[in-house]
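Novice: Curious how this folds, go ahead:
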Amino acid sequence: GKTLFHSGFGYSDIAARTPVTPNTLYAIGSVSKQFTSFLLEHYQEKGLLSLEEPIASQLADKNHEFRLTEGSVNDLMNLKDLLSHRTGLPNYMGLEFLGNNTREQLFNDLYYTEQDRRHKYRGSWNYNNWLYVVAARAGEIMSGNNFETDLQRLVFDNLNMGAGTLSDRDYVLKNMHRIAKPYLYRSEHNQLVGDRMWLRSWNPALTPAGGLLASGRDMAKWMKFLLNEGVLNTKRRLVKSETINNMFKRLIDINQWWRTFSDWSSHCTGYGEGWFLFETPLDDNSRQYSHTGNFYNVHYSRLNLYPERRLGVFYAYSGGNSSLNRKLFDVLDAIILDMVLHGNINPKLEADVDSELKSWRCSRESNEIPAAANARGADSRGPIGGGQEQLPLSNLPPAPRSGELVAMTRQFVGVFRHPFLGKAELLLDEIPSPRLVLNDRWTARVAGVREVTSTPNILQLTCYFDNIPWLPRPLQDDANNEMVIEVNKPISETDTIHQITIKRWINYGIEAGAFRRIAD
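Specialist: Below is the predicted model of the structure:
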């Protein structure tokens, strides 16, 4: 029940020289999922719902519908399916969050999704943020309680945590000085971009999937609670031990070797309820429960539990998704496990760490960032405030003005609709470059077009968004905002384009079905 070590390194705000401390708050991303699972397990303990009974039958008793396109799956799917990513439903990787949908809308829109042909129901693992929102909404309906209210009352208050959610705007404003400023370092642009707009852009509906704010000190209390199987520091039992242990039961197999560094690696056997399950390389073949969080590629976190060793570890940092630190957690995991196993770091691991740090340092020096004192100041923008900080700003290539690009896309101008993702409109007006507008909100410049040689009558368009809420404008030509779509090429003058299909969003392949053209 003791905290062995906690500390902060570096700055939570570079320009202000604010140091990171154990009380610095980070958006912990998908580490939030374990809190959602815990709350639903608590509801089951209280008899308010069942994680194993079909969702549809439980909601029918509440005069609510749970509808999927595939009827046979509709009658079977339960909350454990949603929490373990074994539904077989497609992962839209952020596309489901294109609009400011409410939690209820995201729940109801489940009807419009089609089973992913690459994944069978309960037959394979397919990570899905959106279904954690659906699970939380189902829990709200079944229990009659509000997710955020119960999370505060049951967890944060009882564990004396100073944590909160991005849903709570008052909490965010009150604690803004404690929240690490989000930074994104892009080595290819030699940029470090800091902007609080990532915090301002959060849709409260999505909090069950990744919207918690917590400090290292907060997470230490949470880890002790889990390792003590539901017993508080006051020795009072808050929940039954089964409520905790149920989250760590394997519900779907993964069976992959992950997180390899030096001679260290871990075997991921499967996924539970918001937890990856590992066999560790420790001499006693002990278990490791783990999850990593990624908040808009600007706050990263990882939580590891080693139950046999009664050990928990939590890391968090800002400035992620770069070649300089993407292996950081793996290196830290390797060092800590070696300390647990041997009491010190063995010479080979130490040499490998030194070599890795040297390669990072060389990479850093080849793309040297000026001192933080040269950062440009921030203006106040919106209630969260804290404008954009750039170190330094690269010149972006101009938008294409090719007459050929305009000519090739002119025939596709029109309005299209997807039953779940909403509206897509391809425009060609006074702006030199064609534009793709999603849900009257997100605008992308069409930067390239080519024929797909493997499929007749298909053109592929590459688009770059200019106003994605979580993407600072200096990175608008970065791979972080690239979308590749395909459109049917007319085969005659009388034929018309009838659908748009999103094929890739950022770096993820998408199986989202088609936006079908609305008749003129």
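
Novice: where exactly do the helices run in the stretch 401-520 of the chain?
Specialist: Taking DSSP state H, counting those that start in this stretch to define them, one finds helices in the stretch 401-520 of the chain at 403-410.

Novice: what bits of it have low per-residue confidence?
Specialist: Flagging of the stretch 401-520 of the chain using pLDDT under 70 yields the residue ranges 401-404, 429-432, 453-456, 466-481, 489-497, 505-513, 519-520.

Novice: mind listing the strands in it by residue range?
Specialist: 414-418, 422-427, 435-438, 442-451, 458-465, 482-488, 499-505, 508-509, 514-517 (DSSP state E, counting those that start in this stretch).

Novice: Minimum distance to residue 193: which of these has it?
Specialist: The closest approach between residue 193 and any of these, judged by C-beta to C-beta, belongs to strand 458-465 at 15.8 Å. For every residue, glycine as well, the C-beta is placed using N, CA and C.

Novice: mind listing what's buried in the closest one?
Specialist: 459, 460, 461, 462, 463, 464, 465 (16 or more other C-beta atoms under 10 Å).

Novice: Out of the residues you listed, which two sit at the greatest distance?
Specialist: Once C-beta to C-beta is applied, those give 459 and 465 as the farthest pair, at 19.5 Å.

Novice: Turn the strands of the stretch 401-520 of the chain into JSON lines, including distance to residue 50.
Specialist: Below are the strands of the stretch 401-520 of the chain laid out as JSON lines (distance: least, C-beta to C-beta, whole Å):
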{"stretch": "strand 414-418", "distance to residue 50": "33"}
{"stretch": "strand 422-427", "distance to residue 50": "33"}
{"stretch": "strand 435-438", "distance to residue 50": "38"}
{"stretch": "strand 442-451", "distance to residue 50": "39"}
{"stretch": "strand 458-465", "distance to residue 50": "42"}
{"stretch": "strand 482-488", "distance to residue 50": "40"}
{"stretch": "strand 499-505", "distance to residue 50": "35"}
{"stretch": "strand 508-509", "distance to residue 50": "33"}
{"stretch": "strand 514-517", "distance to residue 50": "37"}
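
Novice: now for these, which one comes closest to residue 28?
Specialist: Comparing the strands of the stretch 401-520 of the chain by their distance to residue 28 (C-beta to C-beta), the top pick is strand 508-509, with 21.5 Å.

Novice: picking that back up, among the buried residues of strand 458-465, which one lies nearest to residue 104?
Specialist: residue 465 (26.9 Å).

Novice: State whether residue 194 is indeed within a helix.
Specialist: No. When DSSP: H, G, I helix; E, B strand; the rest coil is applied, residue 194 is found to be strand, with no helix at that position.

Novice: Could I get the pLDDT score of it?
Specialist: Looking at residue 194, its pLDDT reads 81.

Novice: Please report the distance of residue 215 from residue 423.
Specialist: Relative to residue 423, residue 215 is positioned 40 Å away (C-beta to C-beta, to the nearest Å).

Novice: neighbour-wise, which of the two wins?
Specialist: When neighbours are counted by other C-beta atoms under 10 Å, residue 215 and residue 423 differ, and residue 215 comes out ahead with 27 against 17.

Novice: For residue 141, identify the helix or strand it belongs to.
Specialist: Element membership for residue 141, per DSSP states H and E: helix 130-143.

Novice: Name the surrounding residues that touch that helix.
Specialist: 33, 36, 39-40, 43, 48-49, 55, 58-59, 62, 64, 66, 79, 82-83, 85, 87, 89, 91-92, 96-97, 103-104, 106-107, 110, 145-147, 150, 205-210, 274 (C-beta atoms under 8 Å, 6 or more residues apart in numbering).

Novice: now do stretch 61-78
Specialist: 50-57, 59, 87-89, 110-115, 121, 138, 141-142.

Novice: Tell me which of the residues you listed fall in helices.
Specialist: In this view, the contacts of stretch 61-78 that belong to helices under DSSP state H are 55, 56, 57, 59, 138, 141, 142.

Novice: doesn't residue 433 make contact with residue 426?
Specialist: No. Checked against C-beta atoms under 8 Å, the pair residue 426 and residue 433 is beyond contact range at 11.8 Å.

Novice: of the two, who's got more company?
Specialist: For residue 426 against residue 433, the residue with the higher neighbour count under other C-beta under 10 Å is residue 426, and the figures read 26 against 19.

Novice: so what's the more buried one up against?
Specialist: Contact analysis of residue 426 by C-beta under 8 Å, 6+ apart lists 409, 412, 413, 414, 416, 434, 435, 436, 437, 446, 487, 500.

Novice: Would you list the buried entries among those residues?
Specialist: Among the contacts of residue 426, those classed as buried by 16+ other C-beta under 10 Å are 409, 412, 414, 416, 434, 435, 436, 446, 487, 500.

Novice: Phi first, then psi, for the nearest residue to residue 287 once chain neighbours are set aside.
Specialist: Counting by C-beta to C-beta, 6 or more residues apart in numbering, residue 287 lies nearest to residue 307, which is 5.9 Å off, once chain neighbours are set aside. The phi and psi values for residue 307, taken as degrees, to the nearest 10, are phi -60, psi -40.

Novice: From residue 20, how far out is residue 307?
Specialist: Summarising the geometry, the distance separating residue 307 from residue 20, computed by C-beta to C-beta, is 28 Å.

Novice: who's more crowded, the two?
Specialist: Residue environment comparison for residue 307 versus residue 20 gives the larger neighbour count to residue 20, 20 against 16, counting by other C-beta under 10 Å.

Novice: For the stretch 151-300 of the chain, give me the ranges with low pLDDT.
Specialist: 185-191, 258-264, 281-285.

Novice: what are the ranges of the strands in it?
Specialist: With DSSP E, counting those that start in this stretch as the criterion, the stretch 151-300 of the chain has strands at 164-165, 183-186, 191-195, 212-214, 252-261, 264-271, 276-279, 287-295, 299-306.

Novice: Among these, which comes closest to residue 125?
Specialist: strand 252-261 (4.7 Å).

Novice: ok, and the closest non-adjacent residue to the spatially most central residue of the chain?
Specialist: Residue closest to the average C-alpha location in the chain (C-alpha atoms, centre = their mean): residue 294, at 5.1 Å. Nearest non-adjacent residue to residue 294, counting by C-beta to C-beta, 6+ apart: residue 29, 4.7 Å away.

Novice: quick one: that neighbour from residue 301, how far?
Specialist: Distance of residue 29 to residue 301, given as C-beta to C-beta: 6 Å.

Novice: Tell me which residues touch residue 435, please.
Specialist: Residue 435 makes contacts with 426, 427, 428, 429, 443, 444, 445, 446, as judged by C-beta under 8 Å, 6+ apart.

Novice: thinking again about what came up before, quick check: which of the strands of the stretch 401-520 of the chain is nearest to residue 252?
Specialist: Closest of the strands of the stretch 401-520 of the chain to residue 252 is strand 508-509, at 20.2 Å (criterion: C-beta to C-beta).
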